[in-house]
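Engineer: Kindly return the folded structure for what I paste below:
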Amino acid sequence: FAGGLWSAPDPAPDLVDRIRRRWLFCLVAFLLAASFGTAWSVLPVLGDGAAGQGMGLALLAGLPLYASGSLLGALSRAASSDPGRRLSAPGVAAAAGVAAGFVLAGLLLPRAPMPGSLLVAGLVLLSLAGMVYGAVVGHRTEIELRARRPTETGEARVEDRWIRADELAERTLLDHGHVRRAFPLEHRPDLPWDVAFWRGWMPDLDRPLRVLMVGGGASSAPHAIVREHPLASVDVLERTAAVVELGREFFGTGLAIATEDRVAVRVGNLDDLIASARGPYDLVIVDTDALRPLGGTSGLAGASVERLKELVGEDGVVLWGPGEARR
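Structural biologist: This next block holds a predicted model:
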């Protein structure tokens, strides 16, 4: 039993499938034990020799104990590593199951001296428990790490997340643990907030337009703007190069740290980049998600906030979003 617990699998995207295989292994082990126990009771000659007794110990005790320990270890690992914390307190269920097993054995053993009866009862209970736990484990959040990039103060990474029972699948870009961008994998994503604002605000196409995006390294808005407005140019200021790279590779932003196709991307300290920006701009968009690793909007210096107001033209707009966007 201890060996089975020790063999618990490490957290991985296929952990639920590995639990199912261990559950099947446990059912097979109890089925073999029940079959051998019944055969031993019918044919006592099987227990006369050392080989038969050794096989009896292996099939009636060793294999079921190992399979049970392996299954319980996998279930506990799934609960302890569940990102959504939907499967909490695995020890409670295990302790209740062990107690119920001892009670069942105590009640049935005097009345059922044949080991096969107890093992068949265990097999039935395992089957019922498997169906119940299968319904629960389907709500576990499964995560697959697609890519990670180091930054000066941490890392940025892209994860695919699934909750299969709810048919939810999402790809997420995390910057120092904060979500920078996310979109569903199994249906058409909603229009990003900055693109939606741009399309509602878009001015006439016959005059030049300058746009500044603070923290727009993971946004699809820059290329949407230059694609939909023939005289627009966009300056993008971003904290880390990793966000720009992962946004291009996994979210199709098309951004690179360079000036090309009327889109210029600069990376560095946002306060310094804002101070060196040259206006006027017709539209300034501040992505507050990019400021979360800095502590939110307070992560920008007061001088930078005032500088953003100075960078917009007389009829310009400064937009802070997403969430409760303020202009």
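Engineer: going forward, measure contacts and count neighbours with C-alpha atoms only.
Structural biologist: OK.
Engineer: Show the contacting residues for Arg248.
Structural biologist: By Cα atoms under 8 Å, 6 or more residues apart in numbering, the residues touching Arg248 are Ala218, Gly254, Leu255, Ala256.
Engineer: try it again with 6 Å
Structural biologist: Gly254, Leu255 (Cα atoms under 6 Å, 6 or more residues apart in numbering).
Engineer: Can you get me the centre-to-centre distance for the strand or helix carrying it and its chain?
Structural biologist: Assessed by DSSP states H and E, Arg248 sits inside helix 241-251. Using Cα atoms, centre = their mean, to the nearest Å, the mean C-alpha position of helix 241-251 is found 18 Å from that of the whole chain.
Engineer: burial of Val211, as a residue count?
Structural biologist: 24 (other Cα atoms under 10 Å).
Engineer: And for stretch 57-75, what's in contact with it?
Structural biologist: By Cα under 6 Å, 6+ apart, the residues outside stretch 57-75 that reach it are Phe1, Gly4, Leu5, Ala8, Arg22, Cys26, Ala29, Phe30, Ala33.
Engineer: from those residues, which ones fall inside helices?
Structural biologist: The members of these that map onto helices under DSSP state H are Gly4, Leu5, Arg22, Cys26, Ala29, Phe30, Ala33.
Engineer: if we take the contacts of stretch 57-75, which one ends up nearest to Trp201?
Structural biologist: Using Cα to Cα, Ala8 comes nearest to Trp201 of those, at 55.6 Å.
Engineer: Torsion angles phi and psi at that closest one?
Structural biologist: Main-chain torsions, Ala8, degrees, to the nearest 10: phi -60, psi 140.
Engineer: residues contacting it?
Structural biologist: Ala8 sits in contact with Ser70, Gly73, Ala74, where contact means Cα under 6 Å, 6+ apart.
Engineer: ok, now with 10 Å
Structural biologist: Neighbouring residues of Ala8 by Cα atoms under 10 Å, 6 or more residues apart in numbering: 18-19, 22, 69-78.
Engineer: Now do the same for it: its pLDDT.
Structural biologist: Looking at Ala8, its pLDDT reads 81.
Engineer: what bits of the chain have low per-residue confidence?
Structural biologist: 13, 41, 46-47, 81-95, 97-98, 105, 108-118, 132-140, 164-166, 323-327 (pLDDT under 70).
Engineer: Secondary structure element holding the residue lying closest to Phe25 once chain neighbours are set aside?
Structural biologist: Distances taken as Cα to Cα, 6 or more residues apart in numbering place Ala67 nearest to Phe25, at 6.6 Å, with adjacent residues excluded. Assigning secondary structure by DSSP H and E places Ala67 in helix 63-80.
Engineer: Direction included, what does the helix or strand where Arg210 lies pair up with?
Structural biologist: According to DSSP H and E, Arg210 maps onto strand 209-214. According to DSSP bridges, strand 209-214 forms sheet pairs with strand 232-238 (parallel), strand 281-287 (parallel).
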